[in-house]
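J.: predicted structure and sequence below. I'll ask about it afterward.
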Amino acid sequence: MGRPKEPPKIIKKTLPNGVERFLVRWVVMGQDRRKVVDSLDEARLIAKQWVDDGKQELRVLQTRLTADELGGAEAMQRVLRTVLQIDFETATAWLLANYKRPASIEWTKAIPEYESDRRKVGITESQISNVVKAAKRFAAFVSRSAVGSPTRAEVEGLLKTLSEDVGPSTYNGLLSDVSAFLGWLVTKGYLPENPAEGMERRKVKRGKPPVLQPTAVETLLRDLEVNAPEWVPYAACCVFGALRPGMREGEANRLDADLRADKTVLHPGGIEVHGKAHGDRILPWKLCGPLKEWLDAYPPNRGLWPAETPRIADREWSEFRAKHSFPCADVLRHTAISAMCYATGASLAKVAIGTGTSESRIRTNYLGRWSEELTKELWALKPNRPAAVSAKSHDQAA
């Protein structure tokens, strides 16, 4: 867009009636300007005005921006003035004070760093595993090597990849895990903010937790007594003592570790449990029905289950769960809490303290579907092996 090479032309014309007119003509910026005036002086004045206007126009349009970049700059100016109602200088100052570059760390380095960092602060392996899987899934979705600047639209896009019939728990779980990882990136200074923070979760319609009827519990325990007596202590602690059943971590895992370390966990007043969030408690025997009798008959001298590796134990127990058609992994705990609520002399407060949960949760989930008669029937289940026979002598006799 250079300066015009030729000045405006002034052309004199005489009309048929002898009157003189002056045509001013100039091509500037691709436009052909023409104007007819009555006198030469007026024509010269217009020519000078056009030249001055052309100089000013050329000064305004001089830029190194491309046409697209110039259009974007003009659009941003309109946004600043009309939407944000701030001037360019204010916007520039804010950006200089608050802008952070996109995270340059790569996903392949950020994810292992998250794993290592979370283990140091005691986050459970299952929680770490869930977040890591979600982070890898998100990284594959955004399809860039560096973390960059994740957006809410990208998080929403990831959630849309879930099938339409997926349950709200699955949807919320993925959102929570992705948000946990992005939040960690913020705490490490890799991101200025978590784009998933505040995103709406789906409402979960929770039903009552499933329980086993006393006849089903009896079938399970008799099967274990005959075919796998080494599993009786674990099953009894869950179905009578409401032990949280996780073998790879959690209450059952810690109780098994204490038994293998020869720590005293069976006290005269009850069984010692290192509960959720490491809250220790003594679960009174009187809340557990025949649990003490079962543990006397099948002492957990070598641990709560036979396999030393929790992963192997979990796989072995899953076979019993499938054989006896457990509706969920926690069904034995649900059954135990239901029975405790209807035990003679029990209160919701005692049950809540003994099982490591809250009164409100017990009132919501466990009342109304059980009865004192069912508790009596469940607690009437006694071991077939006499208490005087230890697990060790029984193995030797076999």
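T.: Great, that's in hand.
J.: C-alpha from now on. contacts and neighbour counts both.
T.: Will do.
J.: skipping adjacent residues, who's closest to I128 in space?
T.: E115 (6.4 Å; CA to CA, 6 or more residues apart in numbering).
J.: run through who's touching stretch 354-372.
T.: Stretch 354-372 is contacted from outside by 208-209, 241-243, 275-276, 279, 281-284, 287, 334, 337-339, 341-344, 348-349, 351-352, using CA atoms under 8 Å, 6 or more residues apart in numbering.
J.: scratch that, stretch 43-54 is what I was asking about
T.: P7, P8, K9, I10, F22, L23, V24, V28, V36, V37.
J.: buried among those residues? Make that a PyMOL selection.
T.: Of these, the buried ones go into a single PyMOL selection, burial set by 16 or more other CA atoms under 10 Å:
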select buried, resi 8+9+10+22+23+24+28+36+37
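J.: so A146 sits against A110, correct?
T.: No. With contact defined as CA atoms under 8 Å, A146 does not reach A110; the gap is 9.2 Å.
J.: what helix or strand is the closest residue to A307 other than its chain neighbours located in?
T.: Leaving aside its chain neighbours, A307 sits nearest to A313 (5.3 Å; criterion: CA to CA, 6+ apart). If you go by DSSP states H and E, A313 is part of helix 310-323.
J.: could I get the contacts of stretch 43-54 as a markdown table with distance to R44, secondary structure and pLDDT?
T.: Output for the contacts of stretch 43-54, formatted as a markdown table (distance: CA to CA, whole Å; DSSP: H, G, I helix; E, B strand; the rest coil; pLDDT from 0 to 100):
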| residue | distance to R44 | secondary structure | pLDDT |
| --- | --- | --- | --- |
| P7 | 11 | coil | 82 |
| P8 | 9 | coil | 85 |
| K9 | 9 | strand | 87 |
| I10 | 8 | strand | 88 |
| F22 | 10 | strand | 88 |
| L23 | 10 | strand | 88 |
| V24 | 8 | strand | 87 |
| V28 | 17 | strand | 64 |
| V36 | 12 | strand | 88 |
| V37 | 10 | strand | 85 |
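J.: buried ones in stretch 185-202?
T.: L185, Y190, L191, P192, E193, N194, P195, A196.
J.: contacting residues around that stretch?
T.: In contact with stretch 185-202 (CA under 8 Å, 6+ apart) are residues 100, 102-105, 149-152, 155, 168-169, 171-172, 175, 178-179, 182-183.
J.: run the last query once more with 6 Å
T.: A103, T151, R152, P168, N172, S179, L182, G183 (CA atoms under 6 Å, 6 or more residues apart in numbering).
J.: over to stretch 243-252?
T.: By CA under 6 Å, 6+ apart, stretch 243-252 touches C237, N253, H274, G275, P310, D314, R333.
J.: can you flag which of those residues belong to helices?
T.: C237, N253, P310, D314, R333 (DSSP state H).
J.: OK, contacts around the second one?
T.: Yep, that's N253 we're talking about. M247.
J.: ok so, going back, quick check, nearest of the contacts of stretch 185-202 to R222?
T.: P168 (38.2 Å; CA to CA).
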